[in-house]
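> What would the 3D arrangement of this be:
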Amino acid sequence: MRIFHLNANHLRGLIPSAFPKDCRLISINLGTNKLEGRLPRSLINCKYLEGLDIGNNRIQDEFPFWMEGLPELRVLALRSNKFGGNMSRPSSTKIPFPMLQVLDVSYNEFVGSLPQTYFKNFKAMTEAIELDYDSFLANLEMRLTLKGQDQLLNRLLETFTTIDLSSNRFYGSIPPSIGKLKILKYLNMSHNSLTGHIPSSLENMSELESLDLSTNKLDGEIPSELTGLTFLSKLNISMNNLVGKIPRSNQFSTFENDSYMGNLGLCGLPLTRKCKEDDGKLMQPAEEEDDEYEFIDGFGWRSVVMGYGSGFIVGIGIGYMIIRSGRPRWFVEFFLALDINIRRRRDTTELHQHAGEHAGELD
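The predicted model follows:
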């Protein structure tokens, strides 16, 4: 047996633990079941194993450091389980996971700092290596989150590389060593508790197509060096504590405001919040500026219009009641006398105008 795919069934219980020493399995896919327990250590006997997908189960274990020495492993998908503990302990293997192209540990319970050792030594993500693609890779079926959307991967291309560490409890800074992953295409570290600055060493990841660092606690400015990532088509750094002006050259001129939302200190396009002008005054977003001009001494134009409208209606009503009832008498007599005077002046004016016209005819 070379391929063992039982994914997307209703399997329960434990993963079989007796993988023999002469195991010749190339691909194991048990994803999307209801399997429990731990990952069997006897998998280390499968020296030809290229892909392991046990995502979307109920496996409760630590990260399988003991698999670092598998010489052919290209896919390790552990997403949506109950894996926990720390991934950043020192490696006992000189070059851990030398052929790994896909690492997906998203939606688990990992804690601690990011696995810096792996960033330095993932050979298949740091340099182009010649691979033999005549095995299970033509029949691969696994689900990954790429560019913010779940996608079904049916074939692993030679140039496909991804790391997904999202939705765990990683904390601490992003190590500059991540820049060594020069041929990584997809990187997702969202929904963790990462702090510190975005490292400028990301500029070395020249083939990066998607970068998601959203929903963390990152601060500082967006490194201008990132504008050199000319293949970057998806960026999400929203919901952090970033500040300063957003770079707008190259690919960054194509990203919309949803890439930056939730960073109150960011300014410049595509956001409406303008950056500091020459006079040092920070311009407010357009919406806020409109609101500020609406208020005069604490009252907005809406309040003024409502006040005039209400007063006009009430005044008409009171006037009608006064004239109809004739009370108070002095008020009615005042307005009647005023009306008589107005009428007399108008009649006098018309009489003078008529007399002038008649005199003109006689001339």
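> give the contact list for L70.
44, 46-47, 49, 97 (Cβ atoms under 8 Å, 6 or more residues apart in numbering). In this view, the C-beta of every residue, glycine as well, is placed from N, C-alpha and C.
> make it 10 Å
Residues near L70 by Cβ atoms under 10 Å, 6 or more residues apart in numbering: 43-50, 52, 64, 76, 93, 96-100.
> Over to N216?
With contact set as Cβ under 10 Å, 6+ apart, N216 has these partners: 170-171, 174, 189-196, 198, 237-242.
> Same question for L39.
Neighbour list for L39: 15, 17, 52, 54, 59-64, 66-67, 78, 81, 83 [criterion: Cβ under 10 Å, 6+ apart].
> distance of it from S17?
Here the criterion is Cβ to Cβ, to the nearest Å. By it, L39 lies 10 Å from S17.
> Could you do I163 as well?
Distance of I163 to S17, given as Cβ to Cβ: 29 Å.
> R2 too?
20 Å.
> With N216 instead?
Using Cβ to Cβ, one gets 38 Å for the distance from N216 to S17.
> shaky segments in the stretch 201-350 of the chain?
Within the stretch 201-350 of the chain, the stretches with pLDDT under 70 are 277-350.
> what ranges do the helices span in it?
Applying DSSP state H, counting those that start in this stretch to the stretch 201-350 of the chain gives helices spanning 286-294, 301-325, 329-362.
> confidence score at the spatially closest residue to M1 that is not a sequence neighbour?
Nearest non-adjacent residue to M1, counting by Cβ to Cβ, 6 or more residues apart in numbering: L25, 6.4 Å away. Among the per-residue scores, L25 holds a pLDDT of 93.
> thinking L25 is in contact with E50, fair?
Yes: at 9.2 Å, L25 and E50 qualify as touching, with contact defined as Cβ atoms under 10 Å.
> quick one, which of these two is more surrounded?
Neighbours per residue, other Cβ atoms under 10 Å: of L25 and E50, the larger number sits with E50, 25 against 20.
> Which phi and psi values does the more buried one adopt?
phi -110, psi -30 (degrees, to the nearest 10).
> Over to G196?
The phi/psi pair for G196 (degrees, to the nearest 10) reads phi 80, psi -170.
> How about it: which residues does it bridge to?
Bridge pairing for G196 (DSSP bridges) gives the partners L218.
> separation between it and D219?
Taken as Cβ to Cβ, the span from G196 to D219 is 7 Å.
> Same check on L213?
Distance of L213 to D219, computed by Cβ to Cβ: 12 Å.
> Equivalent analysis for G69, please.
In terms of Cβ to Cβ, G69 sits 38 Å off from D219.
> cool, F122 as well?
Shown here: F122 relative to D219, a distance of 27 Å by Cβ to Cβ.
> of those two, who's got more company?
Ranked by neighbour count (other Cβ under 10 Å), F122 and D219 place F122 first, with 25 against 15.
> which residues does the more buried one contact?
Going by Cβ under 10 Å, 6+ apart, F122 touches 95-101, 103, 115, 161, 163, 180-181, 183-184.
> What subset of the residues you listed is buried?
96-101, 103, 115, 161, 163, 180-181, 183-184 (16 or more other Cβ atoms under 10 Å).
> Out of these, which comes closest to N9?
Nearest to N9 among the buried ones among the contacts of F122, counting by Cβ to Cβ, is L103 at 24.8 Å.
> How about the secondary structure of the closest residue to the closest one other than its chain neighbours?
Spatial nearest neighbour of L103, excluding adjacent residues (Cβ to Cβ, 6+ apart): I163 at 5.0 Å. Following DSSP: H, G, I helix; E, B strand; the rest coil, we place I163 in the strand state.
> Go ahead and confirm I163 touches F97.
No: with contact defined as Cβ under 10 Å, I163 does not count as touching F97 (11.2 Å).
> Now list whatever residues contact both of the two.
Shared contacts of I163 and F97 (Cβ under 10 Å, 6+ apart): 103, 118, 122, 125.
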